[in-house]
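Q: whatever this is, show me its structure:
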Amino acid sequence: MLSDADRHRAADILIEAERTRTPALQLSKTWPEIAIEDSYAISSLVTERKIAGGAKLIGHKIGLTSKAMQQSSGIDEPDYGHLLDTMLLNDGAKVRFDDYCVPRVEPELTFVLKEPLKGPGIGLVDVLRATEWVIPSIEIIDARVQNPRQITDTVADNGAAAGIVLGGRPVRPDAVDLRWVGAVFYRNSEIEETGIAAGVLGHPAMAIAWLANKVGRFGTVLEPGHLMLSGSFTRPVWAAKGDTLHADFGPLGGVAVQFV
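A: Okay, the predicted model is just below:
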């Protein structure tokens, strides 16, 4: 476990890396003894500083929700990060490529809560009951630490969260079988990835249940109105300057973002 001073120093490093758009040396190399608890504490410190600077917490993201991604990261559970209003983008947004270090994008479903969720004991039905809308989305992820990253590096880096693009046709959680929501993910005119939402823990709502139970032990509540990114069901796709990334969710419409 790291000291409070080292945790604050790590937060300084991540904030500076984001400011300069230059990935920092892995925290796991600077502090080989870093634990996952340290990483979540560092992520919270960075978020608290941004909120103190005027940003607003609007929800959470859940990552590493597929078995393949968990195995590649050497873990057996997802991770999570914070979403701020400064990350929220509209469908078709044009974003500056130079505002990111090494941006990648993923298609996901976002759950918008109408009721609070607090673990432990939250299950699939609880999440569906507490959800007002499910929205097709693209998550922009960005690494503020160098490769190769350990899970402790990614968690400290807010799960690599950098942006969320909402679009398509929002639906009520019981309007479709969310397990079978699929996406065809294009870079410009070329298909890069395809997948279905059942790849997220068997049902994307289970990612929200996992988070509610994970943070509930600390007394944290998932708040009404908050956005919950449930995790990608494809591999991340690299974005280059000039690229348009488009996720076609079929009957649920599409969502796109362009890097300029």
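Q: which residues sit in contact with Arg49?
A: Ala11, Ile15 (Cβ atoms under 8 Å, 6 or more residues apart in numbering). All C-beta spots, glycine's among them, are computed from the backbone N, C-alpha and C.
Q: can you pull out the helices in the stretch 101-250 of the chain?
A: 124-130, 151-156, 205-216 (DSSP state H, counting those that start in this stretch).
Q: most tightly packed of those helices?
A: helix 151-156 (a mean of 25; mean count of other Cβ atoms under 10 Å).
Q: show me what that helix is packed up against.
A: helix 27-30, helix 36-52, strand 79-84 (3 or more Cβ pairs under 8 Å, 6 or more residues apart in numbering; DSSP states H and E).
Q: quick check: buried residues in stretch 15-30?
A: Ile15, Ala17, Glu18, Pro23, Ala24, Gln26, Leu27, Ser28 (16 or more other Cβ atoms under 10 Å).
Q: kindly report the same for stretch 172-191.
A: Within stretch 172-191, the residues that count as buried by 16+ other Cβ under 10 Å are Pro173, Leu178, Val181, Gly182, Ala183, Val184, Phe185, Tyr186, Arg187.
Q: same check, this time on stretch 51-70
A: Result for stretch 51-70 [16+ other Cβ under 10 Å]: buried residues Ala55, Ile58, Gly59, His60, Lys61, Ile62, Gly63, Leu64, Thr65, Ser66, Met69, Gln70.
Q: in TSV: the residues you listed, plus secondary structure and pLDDT.
A: Below are the buried residues of stretch 51-70 laid out as TSV (DSSP: H, G, I helix; E, B strand; the rest coil; pLDDT from 0 to 100):
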residue	secondary structure	pLDDT
Ala55	coil	98
Ile58	strand	98
Gly59	strand	98
His60	strand	98
Lys61	strand	97
Ile62	strand	96
Gly63	strand	91
Leu64	coil	83
Thr65	coil	81
Ser66	coil	72
Met69	helix	63
Gln70	helix	63
